[in-house]
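Peer 1: Please find the sequence and the predicted model below.
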Amino acid sequence: MDTLSSMRMFARVAEEGSFTAAAQRMNTSTAATSRAISALEAHLNARLLHRSTRRVILTEAGKRYLQRCEQILACVDVAEAEAADAQLRPSGHLRIHASTSVGQSYVVPAIVRYQQRYPAVSVDLTLSQRTPDIVDEGYDLTVQASIDELPDSSLVAQRLGTVHSVLCASPDYVREHGAPRTLAELSRHPCHQLVSTLFPRDVWIFEGPNGTETFPLAKTSFGVNVAGALAVALREGMGIGALPMSTASRLLESGALVRVLPDYRLQALALHALYPSRQYLNAKVKTFVEFIKDFVPRILESDAADMVHAHED
């Protein structure tokens, strides 16, 4: 027996004072309505209605039960309305995960602009280098970079664009040690790569004038898994390092770093927003995904323009 449905039917019969009228209002038959009330009474082991040929009248137990039914049904109606409204109006708490450099460069600026448009949404952002199980860990979505195609999964993936890394060094380092003009000359310099599961530790894979080329990396004295920290080391003159363009573009524009081998860039990464389901997607998740699908490509375009400008300079 569907208790909630039977409660609704009972409340309608009590309101109409008639099985026939209640059945018409609920678009069902009089016989079905009568059977549902009888089943409810049997379930409760109590008579709720006195029946006559002309109308039905609530018993004492029926009056008390009706009061509880009306309270319960009102709560259910409010819950359903709130759930339906959540599909239409962004509100509530949004939990987002992103890899550290991607989050700092793209997700944080997107959140700032998004909350200006949707102030009823609060955001909790977690930055880390690992890929979480967003369902088990309670995240609404994650923004990740990957080299290859994403593995098959139950997650929905929305592509946001493509990022790559470039070689950088401090102006003081280049003045003192010179800038390599070829990949062969690069081997004479201390080279530093971000520690990441996305890249092998012992090689750089370049895209340049000769297509794809692999450059073997000698063992370095410094490794770090956050792009901002590597940028600090390079500014201090540690050597030459590969920085994501999201981190490098502002530093190149300000002159804090200079680009090395500007005709080369490291293997491209695809950016994706991943979330559990497209069906019945909550409005806060849906609107945020739509927002970053528009916002992130514009930042990527700006970063690319900064790279060209830095190269020309």
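Peer 2: All right, it came through fine. Bear in mind the structure is a predicted one, so any value in this text is a computation, not a measurement. Numbering: from 1, shown residues only.

Peer 1: According to the record, where do the domains of this structure fall?
Peer 2: Using automatic domain parsing, the domain parsing of the chain gives 3-86, 92-162+269-312, 165-266.

Peer 1: and those as TSV, adding mean neighbour count?
Peer 2: Bear in mind the C-beta positions are built from the backbone N, C-alpha and C, glycine included. Output for the domains of the chain, formatted as TSV (neighbours: other CB atoms under 10 Å):
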stretch	mean neighbour count
domain 3-86	15
domain 92-162+269-312	16
domain 165-266	17
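
Peer 1: Now tabulate these in JSON lines and tack on mean pLDDT.
Peer 2: Formatted as JSON lines, the domains of the chain follow (pLDDT from 0 to 100):
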{"stretch": "domain 3-86", "mean pLDDT": "84"}
{"stretch": "domain 92-162+269-312", "mean pLDDT": "84"}
{"stretch": "domain 165-266", "mean pLDDT": "89"}
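
Peer 1: Tell me the spacing between the spatially closest residue to residue 196 that is not a sequence neighbour and residue 192.
Peer 2: Spatial nearest neighbour of residue 196, chain neighbours left out: residue 225 (6.4 Å); criterion: CB to CB, 6 or more residues apart in numbering. Counting by CB to CB, to the nearest Å, the gap from residue 225 to residue 192 is 12 Å.

Peer 1: returning to what we had before: give me the phi and psi angles of the residue nearest to residue 196.
Peer 2: Dihedral pair for residue 225: phi -100, psi 10, per degrees, to the nearest 10.

Peer 1: got the contact list for it?
Peer 2: 100, 129, 194-196 (CB atoms under 8 Å, 6 or more residues apart in numbering).

Peer 1: Could you export the residues you listed as TSV, including secondary structure and distance to residue 65?
Peer 2: Shown next, in TSV, are the contacts of residue 225 (DSSP: H, G, I helix; E, B strand; the rest coil; distance: CB to CB, whole Å):
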residue	secondary structure	distance to residue 65
100	helix	58
129	coil	58
194	coil	67
195	coil	66
196	coil	63
